[in-house]
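Peer 1: Just need the structure, nothing else, for what follows:
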Amino acid sequence: MTARGHVPDGPWPPRAMDAWVPHRGPLSLLDAVEHSDEHGIEARVRVPVDGVFGGDDGVPAWVGIEYMAQAVAAWSGARARAAGGSPKVGYLLGSRRYEAAVPVFPVGADLRVLAQCELMGDNGLGMFDCRIEHGGRVLASGRLSVYEPPADSKQAAPSGAPRE
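Peer 2: Next up, the predicted model:
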């Protein structure tokens, strides 16, 4: 259902990634999940010609942090689905040592986005080691710090973060 209560025509979910992440519309950047388990996830992104972040040459490499964050969100969504739930909103708290070997991800490139869970606390704080590959070459890497409010928690969102 949409926000106005209308059921959209066509397959459900309307976009394949809707079952994995809470992101919708043009800001849902991943195209597919190739593999997910309790330790990590492999997702795919085909760099679009006309995406929100696209330029003449492709997508700026700094968008890689968001590709990684959405892969982490998909990993969390997979865990929620396995428990009978649905994807929930989480928060990217920061990144460390993000390094890109290229200034842009070229249009049409089929990127492999990998996120490995290094730590996930009962309090919802997590750390992920991530990388983006294309053709067997690492194009970007970094570590993400995230927060997902525990399902049974009444904890508030981090200060200044939007509320659900």
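Peer 1: in stretch 43-51, what's buried?
Peer 2: By neighbour count with 16 or more other C-beta atoms under 10 Å, stretch 43-51 contains the buried residues 43, 45, 47, 48, 51. Where you see a C-beta, it was placed from the backbone N, CA and C, and this is true even at glycine.
Peer 1: actually stretch 136-144, not the one I wrote
Peer 2: Neighbour-count burial for stretch 136-144, with 16+ other C-beta under 10 Å as criterion, is recorded at 139, 140, 141, 142, 143, 144.
Peer 1: How about stretch 111-130?
Peer 2: Residues 111-117, 120, 124, 126-130 are the ones in stretch 111-130 that count as buried (16+ other C-beta under 10 Å).
Peer 1: could you dump the residues you listed to CSV with pLDDT and distance to residue 65?
Peer 2: Listed next are the buried residues of stretch 111-130 as CSV, based on pLDDT from 0 to 100; distance: C-beta to C-beta, whole Å:
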residue, pLDDT, distance to residue 65
111, 96, 13
112, 95, 16
113, 95, 11
114, 96, 14
115, 96, 12
116, 96, 16
117, 95, 17
120, 89, 19
124, 87, 20
126, 92, 15
127, 96, 14
128, 96, 11
129, 97, 13
130, 98, 9
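Peer 1: And those residues, which is closest to residue 96?
Peer 2: Nearest to residue 96 among the buried residues of stretch 111-130 is residue 127, at 8.8 Å by C-beta to C-beta.
Peer 1: Am I right that that closest one falls within a helix?
Peer 2: No: according to DSSP: H, G, I helix; E, B strand; the rest coil, residue 127 belongs to no helix; its state is strand.
Peer 1: taking the buried residues of stretch 111-130 one by one, which sit in strands?
Peer 2: Residues of the buried residues of stretch 111-130 located in strands (DSSP state E): 111-117, 120, 126-130.
Peer 1: Please identify the helix or strand for residue 76.
Peer 2: Assigned by DSSP states H and E, residue 76 falls within helix 64-82.
Peer 1: Show me how far the following helix or strand past that helix is from its chain's centre.
Peer 2: Downstream of helix 64-82, the next assigned helix or strand under DSSP H and E is strand 91-100. Distance of strand 91-100 from the chain centroid (C-alpha atoms, centre = their mean, to the nearest Å) equals 13 Å.
Peer 1: Mind listing the strands strand 91-100 pairs with, and their directions?
Peer 2: strand 137-147 (antiparallel) (DSSP bridges).
Peer 1: That concludes my questions; thank you for your assistance.
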